[in-house]
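> missing the sequence, but the structure's below:
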């Protein structure tokens, strides 16, 4: 009989100012990224009744500050194993300070790592970092996907992430807010480019291709403070899913995330 509690997950923080996600199984507790101070991540873990000393590892997606700010501090203080691909290690090592060699682990793109009682699949994305990769977690027939920093979602990537039980999906910006906003043109071009970020509509259209009957939860991630609103992101996702007759608010539900407040633990 399929277990009902493969994973417990909280999106501790998601946004341009910092990103971190907590995921646990019966045997393991890990962070994906630690893009805030160690003190702030400790506080966010406390919001869901967890402590950093309970963690087993940190997985890193890429070397941008909003994903690695607290990695070195937490790794040193709590003797945590840190996993990233080789190019990301090379790019982030000068930024996070000394991490003991025995705590440094290579997790190459396109590979599957068995970590305790779960399998973790890494996949490359299109973003302006050394070798950005995100992750799909598998256990007991359930899976969870994180995809929050990509400007483009290829057919291959859509196939890789299709049919998960829950997603953290990028809804970075509203196109009109970005176009009309105060950002300089070169920054707007970066965000809108193939190595930038998915807009609300882009993220929603990706979901129409990858959502299956398994999918019950979609969390909207990495919202820009300057170029988006929770209400806009939420409405866009729901409207696009509704237009495609994909059971929004019936079989699949859309949830918001916050840049400095953890979501409640949810179970898949």
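The structure has been received and is ready for your questions. Not measured: the values here are computed from a predicted model.
> For the nearest residue in space to residue 54 that is not next to it in sequence, name its beta-bridge partners.
Spatial nearest neighbour of residue 54, excluding adjacent residues (Cβ to Cβ, 6 or more residues apart in numbering): residue 29 at 5.3 Å. In this view, the C-beta of every residue, glycine as well, is placed from N, C-alpha and C. Beta bridges link residue 29 to residue 24, judged by DSSP bridges.
> Who are the contact partners of residue 29?
22, 23, 50, 54, 55, 56 (Cβ atoms under 8 Å, 6 or more residues apart in numbering).
> Let's have those in CSV, adding distance to residue 181 and neighbour count.
Shown next, in CSV, are these (distance: Cβ to Cβ, whole Å; neighbours: other Cβ atoms under 10 Å):
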residue, distance to residue 181, neighbour count
22, 32, 23
23, 33, 23
50, 36, 20
54, 41, 11
55, 37, 23
56, 41, 15
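> Okay, the closest residue to residue 157 other than its chain neighbours and residue 109: tell me how far apart.
Computed as Cβ to Cβ, 6+ apart, the closest residue to residue 157 that is not its neighbour in sequence is residue 123, at 6.4 Å. According to Cβ to Cβ, to the nearest Å, residue 123 and residue 109 sit 7 Å apart.
> what's in contact with stretch 258-268?
4-18, 22, 36, 40, 44-45, 47-49, 142, 144, 165-166, 216-217, 219, 223, 225, 255, 257.
> just checking, residue 71 touches residue 58?
Yes - between residue 71 and residue 58 there is a contact under Cβ atoms under 8 Å: 5.8 Å.
> any idea where the helices of this protein begin and end?
Ranges of helices in the chain, per DSSP state H, are 38-47, 65-68, 71-78, 86-96, 155-161, 175-180, 185-192, 200-210, 230-243.
> Of all these, which one comes closest to residue 149?
Closest approach to residue 149 among the helices of the chain (Cβ to Cβ): helix 65-68, 7.7 Å.
> Give me the contacts around the closest one.
With contact meaning Cβ under 8 Å, 6+ apart, helix 65-68 is reached by 15-19, 33-35, 60-61, 92, 95-96, 149.
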